[in-house]
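# My questions concern the predicted model and sequence given below.
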Amino acid sequence: MGLFSFLTKDKKQSLDKGLEKTKEAFFSRLSRAIVGKTSVDDEVLDSLEELLITSDVGVETTLRIIQRIEDRVKKDKYLGTKELNKILKEEIVQLLTESVTETSEAFGLPQTMKRPYVIMVVGVNGVGKTTTIGKLAYQFKQQGYEVVLGAADTFRAAAVDQLSIWAERVGVSIVKQSMGSDPASVAYDSLKSALAKKADVVIIDTAGRLHNRINLMNELTKIKNVMKKLVPDAPHEILLILDASTGQNAIEQARQFIAATEVNSLALTKLDGTAKGGVVLGISDQFKIPVKYIGIGEKQDDLQAFDPVAFVDSLFDD
């Protein structure tokens, strides 16, 4: 799929609805910031900077956006506040797409890669990790892939039960053991089952952990090493789940997890329940690790592939 992919009408409506709270909060505050102003002057830029920072875009990303708008003001000599939305949209899109070479609205897998494709999912408790795995399994199943789930969060019985419910609902296989079992053993058995079934995708759930829990972080290394005995290049993807409603805390969690383990993809959940959707912009810009998925509702198909252009279009759409 190309960079400027288009959402179906239903997906666009879902995205628009999921971003309602963020959009309403941001633009109501933007309107107040420029009331009575006719040109984009220093005072307007200062107000815009404060607005972006308090909208959880993050300081670093905000400063880059403001610098870009300042450059536009100098170049175009005169820009009115009526044009500010258009300029802001253009500069955010440009910022987010500079380091993006490809985005896809489909949940596809590399065609040349040997199966199974192994995804290990990490994150703290409460971010919607297990739910995201269920939705991800659903999306892959819709694409015609055979999926195996591995319930390697053996510290919480509720996690195994919840994943089992999702597996039954979606119609995919699940490998699980008793509570307290070795998570690496569950991961190993999951890959073994996937190889026997000639499955396309394996998604491994792991225990919710904080970055400073050294024993749990070391456990991730053990899980990876055990899986490599069966699939030498596993896991192909380490997906970090973040709760968008936590704002700047999500950015800090991302920073710490990325430093502690080899995260190579991100998912932002609960966008529909928060006005802090600006955090997606900050995370996408700062870490140069692809935000692959965004959660915008409770339904099975309310997990969407993140397209920065579609996201910003929806945010600024009248």
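Arrived safely. Everything quoted here is computed from the prediction, not taken from an experiment. Numbering: from 1, shown residues only.

# Go through the chain and flag its longest helix.
helix 59-76 (DSSP state H).

# Identify the residues contacting that helix?
40, 45, 48-49, 52-53, 57, 79, 87-88, 91-92, 94-95, 281-282, 285-286 (CB atoms under 8 Å, 6 or more residues apart in numbering). Yep, even glycine has a C-beta here, placed from its N, CA and C like the rest.

# Buried members of those residues into ChimeraX, please.
Selecting the buried subset of the contacts of helix 59-76 in ChimeraX, with 16 or more other CB atoms under 10 Å as the burial test, is done by:
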select :40,45,48,49,52,53,57,79,87,88,91,92,95,281,282,285,286
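
# quick one: which of the contacts of helix 59-76 sit in helices?
45, 48-49, 52-53, 87-88, 91-92, 94-95, 281-282, 285-286.

# hang on, the earlier thing: which positions within the longest helix of the chain qualify as buried?
61, 62, 64, 65, 66, 68, 69, 72, 73.

# Alpha carbons of it, in CSV - could you do that?
Extracted as CSV, the C-alpha positions of helix 59-76 are listed here (Å, rounded to 0.1, in the frame of the first residue of the first chain):
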residue,chain,number,x,y,z
VAL,A,59,7.5,19.5,24.0
GLU,A,60,10.0,18.3,21.4
THR,A,61,7.3,17.8,18.7
THR,A,62,5.6,21.0,19.6
LEU,A,63,8.8,23.1,19.2
ARG,A,64,9.3,21.5,15.8
ILE,A,65,5.8,22.4,14.7
ILE,A,66,6.1,25.9,16.0
GLN,A,67,9.4,26.4,14.2
ARG,A,68,7.8,25.2,10.9
ILE,A,69,5.0,27.7,11.3
GLU,A,70,7.4,30.5,12.1
ASP,A,71,9.3,29.7,8.9
ARG,A,72,6.0,29.8,7.0
VAL,A,73,5.2,33.2,8.5
LYS,A,74,8.6,34.6,7.5
LYS,A,75,8.4,33.1,4.0
ASP,A,76,4.8,34.2,3.2
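
# average pLDDT across that helix?
Per-region confidence: helix 59-76 scores 89 on mean pLDDT.

# now the helices for the stretch 51-200 of the chain?
59-76, 84-97, 129-142, 157-170, 183-197 (DSSP state H, counting those that start in this stretch).

# Among those helices, which comes closest to residue 16?
helix 84-97 (14.9 Å; CB to CB).

# Now find how far off-centre that closest one is within its chain.
20 Å (CA atoms, centre = their mean, to the nearest Å).

# and that helix, what does it pack onto?
helix 20-34, helix 42-54, helix 59-76, helix 279-287, helix 308-316 (3 or more CB pairs under 8 Å, 6 or more residues apart in numbering; DSSP states H and E).

# try it again with 7 Å
helix 59-76, helix 279-287, helix 308-316 (3 or more CB pairs under 7 Å, 6 or more residues apart in numbering; DSSP states H and E).

# got the angle for the longest helix of the chain vs helix 279-287?
Here the directions of helix 59-76 and helix 279-287 differ by 90 degrees (axes from the mean of the first three to the mean of the last three CA atoms, to 10 degrees).

# Now tabulate the helices of the stretch 51-200 of the chain in CSV and tack on distance to residue 234.
Formatted as CSV, those follow (distance: least, CB to CB, whole Å):
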stretch, distance to residue 234
helix 59-76, 33
helix 84-97, 30
helix 129-142, 16
helix 157-170, 19
helix 183-197, 7
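
# among the ones you listed, which is nearest residue 111?
helix 129-142 (14.4 Å).

# Run through who's touching the closest one.
Helix 129-142 has contacts (CB atoms under 7 Å, 6 or more residues apart in numbering) with 107, 121, 123, 147, 149, 159, 162-163, 166, 170-172, 201, 203, 205, 208, 241, 267, 269, 295, 300, 302-303.

# Could I get the buried residue list for that helix?
129-141.

# Check stretch 196-206 too.
Quick answer for stretch 196-206 (16+ other CB under 10 Å): 199, 200, 201, 202, 203, 204, 205, 206.

# measure the residue positioned nearest the centre of the chain to residue 273 for me?
What sits nearest the mean C-alpha location of the chain, by CA atoms, centre = their mean, is residue 267, with 2.0 Å. In this view, residue 267 and residue 273 are 15 Å apart by CB to CB, to the nearest Å.

# Pull the contacting residues for residue 53.
59, 62.
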